[in-house]
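Participant: No letters, just coordinates:
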């Protein structure tokens, strides 16, 4: 049985270093071809007709006029008369034409009569949802130190025990917190370009699931999955929303088949915003009880939120988040709304859970007049938290980088410069990040050329670069000597990019294949040099040579070694299946601490980011530059949903009224402030192997920034994003939750 | 002795799942029809492989707890 390991820490040439992305120039210059960029001879352009109403019934739909529009080649009706539509943006029809203009004209010519039905689109107020009969039971999680007596009704016991714990607490904090739905805002909208060669289909699909989507297209088309190739060299954002081939991916292939011509169908921005993914909202009412030191003893909450018509919302199992007290009751209510269905968004559940609960811990600090840092520190030793030592060390690092102790002041007690006040806030997070299953094919040619193929994708992690680093490090070659091919379902299956699993997964398979290949080549070198088997096992590859580790002269160049392969290339499969065994190459489970420094103008309500510190453990770092990029990107995305992003639903019309990037606000460079990224990496982290990083650093910003604003102005702005109007409303309420936020009234 | 209780009406499986059920978590973990959300992997985000949307062929919602035997469009894996 072959053994796999990483080089000893401090001996690497590429691993852990700052390495430019191998495809960085392609991406920066526009040479990289995304699905949106694919242009094929005789290609048709398809556009979709989306339902304008949040809830309606189709009375009639007539495509006759559309078919006669010059340039229109195909019209597909996707909805039927009498069909009930339950959210705005639902697809009704698709038109393919010689030009995008003709396709748009064709859509305009489709005549649809609607019977508009009552809708419900705003879930911020639980009472309003209940009054509209749009709520349903969701999960409930209860953990108590004392067990229920055998003969006692469990519900009655829990009710009494939570009440008793709250009454026994030195201090009780009651709060209301929320975070609105946001959309994925992929720079490249969802869609594909499809072409057929006979019975074989190639879909140039914008996907974070290259190996998994061919079967999704084949299913509805009733094709063998082997007849479908999914190809995606570059993806312009996914963030969890591009795992499925999607209805429009199948329609594109169908029209291409029907017309015998390639078809491009990329969603327009409005439709993409409405139906191609959003993150569920979350709102919570909390009552927590703590001792005088700020250690929480009991948590009692009711949360609600929506993921669209199905209800859903945030998983109550992660509320409260990370800092779980010994007694808690977390209940959840699902709210069904006439809004586009949600999809996984970077770290599903965690950013919302953090924002819904670590704000309450900060309000506890404010009530007690204790430094928030100390309250977080004192609550680390809760029963469910296994990484308290890591959090403590990371908090210490973050505090130094932020100069927390010098800058912190009691909530609302900082020095004001005119109407400007400043504040600090922090939050902590956790994530898994175990590598996904991954296979690769490593091919080493007799001339020394090295190529590796995986059915993986680059969601932004720098996948090509990471694979190249692992192979080049193992074989002792420059990175430029390794040709990495990803982005095709014809390559060996590798997992989707989700759950922060990619870098650990592809590192596993590529390291395994490279070590296996090196062993085979080393054996040939040893045989050629006439050294014994013992010496052969000590052979290493470094700086373009293969040699006995402690005898650099006992070896040969890489090219000479590869010439010993004979006439045919050496092919080695790398395989990793995480279910089978604990691997020495990767593991899971990270912590992370983030701190925010903000300035708030109490006259205008505008919040400015001054500094954001992110301290993160991730095990062994493959590419320091790309790892840091992941954290920078996550921090920016976090600042975005903390201060700017919100899907705004109009309660009167049911419309998603800012479904474009003009009115759906994203931060600009000047809105970001200074971001400091620091990895927590004692030797023990390197020994854990590779762990995924994409998601954890996007979790804490909401709570950290909200806490910083509360520290600055002395009152909580309860709902994210913290827009100027919400700041002014909170200040006007003088710290109390404005009545309209608890009355159930629609706003 | 501590008291713990966790109910999750959305995700508790009611028998084997339909062979056309898909979720993000199924692709990430490689597991068929998970019964519960696993470490935030997104098992709650489901769609139907035959319609490629969150509504099944019967126009009802696709969900782990709903795509089970008894639904008109249900198909068993084995």
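Facilitator: All right, it came through fine. Since this is a predicted model, take the numbers as computed values, not measurements.
Participant: Contact partners for residue B:19?
Facilitator: The contact partners of residue B:19, by CB atoms under 8 Å, 6 or more residues apart in numbering or on different chains, come to B:75-77. Backbone N, C-alpha and C define where each C-beta goes, glycine included.
Participant: Now render the residues you listed as JSON lines, adding secondary structure, distance to residue A:562 and neighbour count.
Facilitator: Below are the contacts of residue B:19 laid out as JSON lines (DSSP: H, G, I helix; E, B strand; the rest coil; distance: CB to CB, whole Å; neighbours: other CB atoms under 10 Å in any protein chain shown):
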{"residue": "B:75", "secondary structure": "coil", "distance to residue A:562": "51", "neighbour count": "12"}
{"residue": "B:76", "secondary structure": "coil", "distance to residue A:562": "51", "neighbour count": "11"}
{"residue": "B:77", "secondary structure": "coil", "distance to residue A:562": "46", "neighbour count": "11"}
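Participant: Among those, which one sits closest to residue A:590?
Facilitator: Nearest to residue A:590 among these, counting by CB to CB, is residue B:77 at 34.7 Å.
Participant: which of the contacts of residue B:19 has the weakest pLDDT?
Facilitator: Minimum pLDDT for these is recorded at residue B:77 (83).
Participant: quick one on the thing from earlier: any chance of JSON lines for the contacts of residue B:19, columns distance to chain A?
Facilitator: Output for those, formatted as JSON lines (distance: CB to the nearest CB, whole Å):
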{"residue": "B:75", "distance to chain A": "11"}
{"residue": "B:76", "distance to chain A": "16"}
{"residue": "B:77", "distance to chain A": "14"}
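Participant: On the pLDDT front, check residue A:312 for me.
Facilitator: With respect to pLDDT, residue A:312 scores 83.
Participant: Sorry, wrong one. I was asking about residue A:740.
Facilitator: 47.
Participant: Strands along chain B, start to end?
Facilitator: B:3-7, B:21-23, B:46-48 (DSSP state E).
Participant: can you redo those as a markdown table with distance to residue A:38 and mean pLDDT?
Facilitator: Formatted as a markdown table, those follow (distance: least, CB to CB, whole Å; pLDDT from 0 to 100):
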| stretch | distance to residue A:38 | mean pLDDT |
| --- | --- | --- |
| strand B:3-7 | 47 | 86 |
| strand B:21-23 | 25 | 93 |
| strand B:46-48 | 24 | 95 |
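Participant: Is it possible to get a markdown table of these that adds distance to chain A?
Facilitator: As requested, these are exported to a markdown table (distance: least, CB to the nearest CB, whole Å):
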| stretch | distance to chain A |
| --- | --- |
| strand B:3-7 | 4 |
| strand B:21-23 | 7 |
| strand B:46-48 | 5 |
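Participant: Can you check which of the ones you listed gets nearest to residue A:576?
Facilitator: strand B:21-23 (22.0 Å).
Participant: Okay, now the sheet partners of that closest one, with direction.
Facilitator: strand B:46-48 (antiparallel) (DSSP bridges).
Participant: Contacts for the strand it pairs with next, please.
Facilitator: Here strand B:46-48 has contacts from A:244, B:18, B:20-23, B:53-57, B:62-64, B:67, B:73, using CB under 8 Å, 6+ apart.
Participant: Phi, psi for residue A:674 please.
Facilitator: Residue A:674 adopts backbone torsions of phi -90, psi 130, taken as degrees, to the nearest 10.
Participant: Could you report the neighbour count for it?
Facilitator: 10 (other CB atoms under 10 Å in any protein chain shown).
Participant: So the closest residue to it other than its chain neighbours versus residue A:599, what's the distance?
Facilitator: Distances taken as CB to CB, 6 or more residues apart in numbering or on different chains place residue A:611 nearest to residue A:674, at 4.6 Å, with adjacent residues excluded. As judged by CB to CB, to the nearest Å, residue A:611 and residue A:599 stand 10 Å apart.
Participant: What of residue A:140?
Facilitator: Residue A:140 is 41 Å from residue A:599, by CB to CB.
Participant: Please name the residues that touch residue B:77.
Facilitator: Going by CB under 8 Å, 6+ apart, the list of residues near residue B:77 reads B:16-17, B:19, B:32.
Participant: now residue A:402
Facilitator: A:424, A:595, A:597, A:611, A:613, A:676.
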